[in-house]
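Enquirer: build me a structure from this.
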Amino acid sequence: MSDAERQAYKQKTEAQLDEMKAKLDVLRARAAGASADAKVEMAKKVDDLSDAYDSAKQRLAEMADSGEDMWDEAKVRFEGAWDTAQKRLSQLGD
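Expert: Residues are numbered from 1 along each chain as shown. Purely as a prediction, here's the structure:
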């Protein structure tokens, strides 16, 4: 993968993470305004999503810092973390 392709991929994934962060903020606000029972259940799911988001963000940073020789491996790790975050987001109904 060329440097330009890696940069484009990085920018695309950063935009996706920014979008997920915005959705996470909305979900936190919804959880805060929910009834007591719903708040507990939703807060757990939001925390799980937050952890998955943080992991994906960390993997993206590792990928961005990796050299050409480690790019593919770092990309696979990022994509695994990203898939997990997306699954957790979909479980929250978004």
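Enquirer: all helices for the chain, in order.
Expert: Counting by DSSP state H, the chain has helices at residues 3-33, 36-65, 71-91.
Enquirer: can you put these in CSV and add mean neighbour count and mean pLDDT?
Expert: (C-beta placed from N, C-alpha, C; glycine too.) Shown next, in CSV, are these (neighbours: other CB atoms under 10 Å; pLDDT from 0 to 100):
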stretch, mean neighbour count, mean pLDDT
helix 3-33, 13, 92
helix 36-65, 16, 91
helix 71-91, 16, 94
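Enquirer: now the residue most central in space within the chain, nearest residue through space, not along the chain?
Expert: Taking CA atoms, centre = their mean, the centroid of the chain lies closest to residue 53, which sits 3.3 Å from it. Distances taken as CB to CB, 6 or more residues apart in numbering place residue 85 nearest to residue 53, at 5.2 Å, with adjacent residues excluded.
Enquirer: which ones are touching the one you found?
Expert: Shown in contact with residue 85 (CB atoms under 8 Å, 6 or more residues apart in numbering): 20, 49, 52-53, 55-56.
Enquirer: I'd say residue 23 and residue 90 touch.
Expert: No: assessed by CB atoms under 8 Å, residue 23 is found out of contact with residue 90, at 10.8 Å.
Enquirer: hang on, the earlier thing: gap between the residue nearest to residue 53 and residue 5?
Expert: 23 Å (CB to CB, to the nearest Å).
Enquirer: what does residue 56 give?
Expert: Applying CB to CB to residue 56 and residue 5 gives a distance of 20 Å.
Enquirer: same question, residue 44
Expert: For residue 44, the distance to residue 5 - CB to CB - is 39 Å.
Enquirer: same deal with residue 14?
Expert: Plainly put, residue 14 is 15 Å away from residue 5 if you go by CB to CB.
Enquirer: equivalent analysis for residue 72, please.
Expert: On the measure of CB to CB, residue 72 and residue 5 end up 12 Å apart.
Enquirer: which non-adjacent residue is nearest residue 45?
Expert: Among residues not flanking residue 45 along the chain, residue 92 sits closest, at 5.4 Å (CB to CB, 6+ apart).
Enquirer: done for today, thanks.
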